[in-house]
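> Okay, sequence plus prediction incoming.
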Amino acid sequence: MNRIFSFLVMLALLPATAVAQKQWTLDQCIDYAIKRNLDLEEQELNIRKGKVTLKMAKSEWMPAVEAQVLEQVNFGNMNASAGFMSTSSSSNDMTFTTARIGAVMPLLDGYRIKNKVVANEFSLEAATQNLEAARRDIAIQVATQYLQVLYYKGLADIARRQVEISQDQARRAAILVGEGKRPASEKAQTEAQVAADQYSLTQYESNARLACVYLAQLLSIENPEGFDIADIYVEGITPDTSQLTTAEAIINDNVEMHPSVLAAKAEINSAEHLLKVATRELYPKLNLNVSLQSYFYHLFKEPVDEFAEYKKPEYAGTEFYDLLVKKTTFVEPSFTSQFFSKNRSELIGLQLTIPIFSRYQTRGNIRKANIDVMTRQNHLEKTRLKLRKEIQQAYYNAFTAVSMYESASKAAAAAEISMKYDKERYDAGRSTTYEMNTSAQNCLKAQRDVLQSKYEYIIRKRILEFYIK
């Protein structure tokens with residue numbers, strides 16, 4: 001039983017372990033971050049809400065239909081409740097049932113609904129473009145952090161090579177000291193250098209792990225344990241400024257079509273139409289009203305007969321008596337007769353509303369809407385300036401990486417030649433261990449600068465491409 005349970009647990013953990021141990025590429029990191037980002041999910045919900053709002057605005061032209069049913073029970077003076085003089089015949093206990101169905105449909109509203117629909121359409125477009133802009137921003141953030149991970153991992157690899165070189169020198173120094181060809185102090189120096197290089201290696205490995213954790217958090221990965229990224233192939237890549245699209249070319253061709261700028265423009269159009277909506281509140285409105293209503297009443301007891309004294313038996317048989325009985329005898333009509341015939345009424349009419357004085361509410365709304373238009377216009381200019389700044393920074397970062405690569409390549413070539421000669425001098429006994437270690441460190445630093453500039457160029461060039469439509 002325990003074996004079966006252990007096997008099931010292993011199967012349950014196998015997919016998660018496989019996912020955690022795989023090396024993520026840059027594209028996989030970007031796709032995963034976009035799918036799991038909560039801010040993007042919130043913006044997608046805003047788009048869905050915008051679609052519902054737009055549909056509601058389009059439906060405002062349709063008639064508003066409602067039905068009402070009212071049930072009342074009256075005790076005592078029915079006329080008194082309506083403000084009339086009390087009479088003996090008005091003291092009745094009764095139920096009163098009213099049913100009504102009506103519709104109101106706008107005919108003329110000064111194009112308020114039309115402008116509201118257009119404003120919501122632009123608002124929906126702005127939300128869609130903001131979502132695309134947010135996706136690009138996340139891609140840039142992921143690419144930047146990906147570069148940090150590669151950089152620290154590259155430093156760790158170089159530090160690891162430095163430790164190997166230091167250990168090799170320490171072994172050689174121990175042999176030479178044992179043979180009496182070198183002073184004992186050189187053995188201590190080489191051992192101290194090994195310890196220092198191992199300390200640097202530990203720091204670089206720790207920085208690489210922390211950078212991986214930060215990247216995993218950016219991807220919304222709950223457990224970053226075992227998370228790792230794939231290296232970018234840099235051996236056959238030579239940074240070159242001719243491969244870069246200039247900042248001005250990107251700005252001229254892509255800024256106005258960038259999602260953030262398109263969103264800002266759509267927000268201006270939406271605000272302008274909302275200003276028209278506010279202005280149309282000054283215009284008269286014409287509505288069509290249609291209704292059908294009816295009611296039914298029921299008396300708990302017959303009302304007081306005011307002509308009872310004239311219905312004495314001695315008057316029976318006379319024409320006056322028969323006519324009086326026929327006219328004054330109370331007979332409550334049936335529900336069908338009352339509700340569907342006697343008490344039914346239909347109404348159709350036009351309602352014209354002319355605004356005269358709204359306590360300055362309409363004027364205030366117009367001023368606020370006008371200010372909102374100016375705010376949106378200011379936001380558009382800020383978006384353009386921000387985008388130009390980001391493109392220029394991305395271009396000059398990539399351009400600087402090319403210059404750094406060229407300088408680092410020359411320094412690395414010179415450092416390798418220098419270390420070769422220093423090694424020959426050291427082997428011949430004409431230089432010290434300190435000089436040899438210094439030469440090796442200079443060579444590794446130059447190689448590190450070459451690697452860093454290549455990573456910088458690749459990622460910055462990729463970031464620059466995110467701004468191209």
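Here it is on my side, so go on.
> where do the helices sit along the protein?
Here the chain has its helices, by DSSP state H, at 2-21, 26-36, 38-58, 78-81, 112-178, 184-218, 247-254, 259-279, 319-328, 335-337, 361-427, 433-466.
> Serialize those to JSON lines and add fields for distance to Asn343.
Just so you know, the C-beta spots here come from the backbone N, C-alpha and C atoms, and that holds for glycine as well. JSON lines is the format used below for the helices of the chain (distance: least, C-beta to C-beta, whole Å):
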{"stretch": "helix 2-21", "distance to Asn343": "73"}
{"stretch": "helix 26-36", "distance to Asn343": "64"}
{"stretch": "helix 38-58", "distance to Asn343": "37"}
{"stretch": "helix 78-81", "distance to Asn343": "16"}
{"stretch": "helix 112-178", "distance to Asn343": "37"}
{"stretch": "helix 184-218", "distance to Asn343": "72"}
{"stretch": "helix 247-254", "distance to Asn343": "72"}
{"stretch": "helix 259-279", "distance to Asn343": "42"}
{"stretch": "helix 319-328", "distance to Asn343": "21"}
{"stretch": "helix 335-337", "distance to Asn343": "9"}
{"stretch": "helix 361-427", "distance to Asn343": "41"}
{"stretch": "helix 433-466", "distance to Asn343": "73"}
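> how about low-confidence regions in the stretch 101-250 of the chain?
181, 233-236 (pLDDT under 70).
> thinking again about what came up before, and the helices of the chain: which comes nearest Phe296?
Comparison of the helices of the chain against Phe296 by C-beta to C-beta identifies helix 335-337 as nearest, at 5.5 Å.
> contacts for the closest one?
Phe296 (C-beta atoms under 8 Å, 6 or more residues apart in numbering).
> Do me a favour and average the pLDDT over it.
Mean pLDDT, helix 335-337: 82.
> buried set for that helix?
By 16 or more other C-beta atoms under 10 Å, helix 335-337 has no buried positions at all.
> and of the helices of the chain, who's closest to Asp228?
Taking C-beta to C-beta, helix 184-218 is the member of these nearest to Asp228, at 6.4 Å.
> buried sites along that closest one?
Neighbour-count burial for helix 184-218 flags 186-187, 189-191, 193-194, 197-198, 200-201, 204-205, 207-209, 211-212, 215-216, 218 (criterion: 16+ other C-beta under 10 Å).
> and if you look at stretch 247-263?
Here stretch 247-263 shows Ala247, Ile250, Ile251, Asn254, Val255, His258, Pro259, Ser260, Val261, Leu262, Ala263 as buried, counting by 16+ other C-beta under 10 Å.
> Return the member of those residues nearest to Gln338.
Using C-beta to C-beta, the shortest approach to Gln338 within these belongs to Ala263, at 61.6 Å.
> Quick check: closest non-adjacent residue to the closest one.
Counting by C-beta to C-beta, 6 or more residues apart in numbering, the nearest residue to Ala263 once its immediate chain neighbours are dropped is Gln129, at 3.6 Å.
> next one: Leu274
Ala119 (4.8 Å).
> sorry, back to before: tally of neighbours for the residue nearest to Ala263?
20 (other C-beta atoms under 10 Å).
> again with Leu45
Leu45, neighbours per other C-beta under 10 Å, totals 11.
> now do Gly226
Neighbours of Gly226 (other C-beta under 10 Å): 14.
> how near is it to Lys445?
Taking C-beta to C-beta, to the nearest Å as the measure, Gly226 and Lys445 are separated by 31 Å.
> Asn254 now?
Counting by C-beta to C-beta, the separation of Asn254 from Lys445 is 38 Å.
> Show me the beta-bridge partners of Arg100.
Gln68, Gln293 (DSSP bridges).
> dump the residue contacts of it.
The contact partners of Arg100, by C-beta under 8 Å, 6+ apart, come to Ala67, Gln68, Val69, Ser291, Leu292, Gln293, Ser294.
> Need the pLDDT of it.
For Arg100, pLDDT reads 94.
> repeat for Met10
39.
> got it, and the one 10 residues further on?
At Ala20, the predicted lDDT confidence score is 46.
> again with Thr87
We have a pLDDT of 50 for Thr87.
> Compare the contacts of Arg100 and tell me which has the most neighbours.
Each of those was scored for neighbours by other C-beta under 10 Å, and Ser294 scores highest at 18 neighbours.
> That residue contacts Glu346, correct?
No. Look at Ser294 against Glu346 with C-beta atoms under 8 Å: they stay out of range, at 9.7 Å.
> Mind listing the shared neighbours of these two?
By C-beta under 8 Å, 6+ apart, no residue touches both Ser294 and Glu346.
> how far away is Gln129 from Ile47?
10 Å.
> ugh, typo on my part, it should be Ile229
Applying C-beta to C-beta to Ile229 and Ile47 gives a distance of 32 Å.
> What is the burial count for the residue nearest to Lys342 when sequence neighbours are not counted?
Once flanking residues are discounted, Lys342 sits nearest to Pro333: 6.1 Å by C-beta to C-beta, 6+ apart. Other residues within reach of Pro333, judged by other C-beta under 10 Å, total 13.
> Hmm, Pro333 is touching Phe340, no?
No. Between Pro333 and Phe340 there is no contact under C-beta under 8 Å: 10.9 Å.
> shared neighbours of these two, which are they?
Joint contacts of Pro333 and Phe340 (C-beta under 8 Å, 6+ apart) do not exist.
> what's the average pLDDT for stretch 402-418?
For stretch 402-418, the mean pLDDT works out to 87.
> Likewise for stretch 374-382?
96.
> And that stretch, what's buried?
Per 16+ other C-beta under 10 Å, stretch 374-382 contains these buried residues: Arg376, Gln377, His379, Leu380.
> Redo the contacts of Arg100 as a markdown table? Include distance to Tyr467 and pLDDT.
Putting the contacts of Arg100 into a markdown table (distance: C-beta to C-beta, whole Å; pLDDT from 0 to 100) gives the following:
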| residue | distance to Tyr467 | pLDDT |
| --- | --- | --- |
| Ala67 | 58 | 95 |
| Gln68 | 60 | 93 |
| Val69 | 63 | 93 |
| Ser291 | 60 | 95 |
| Leu292 | 63 | 94 |
| Gln293 | 65 | 94 |
| Ser294 | 69 | 93 |
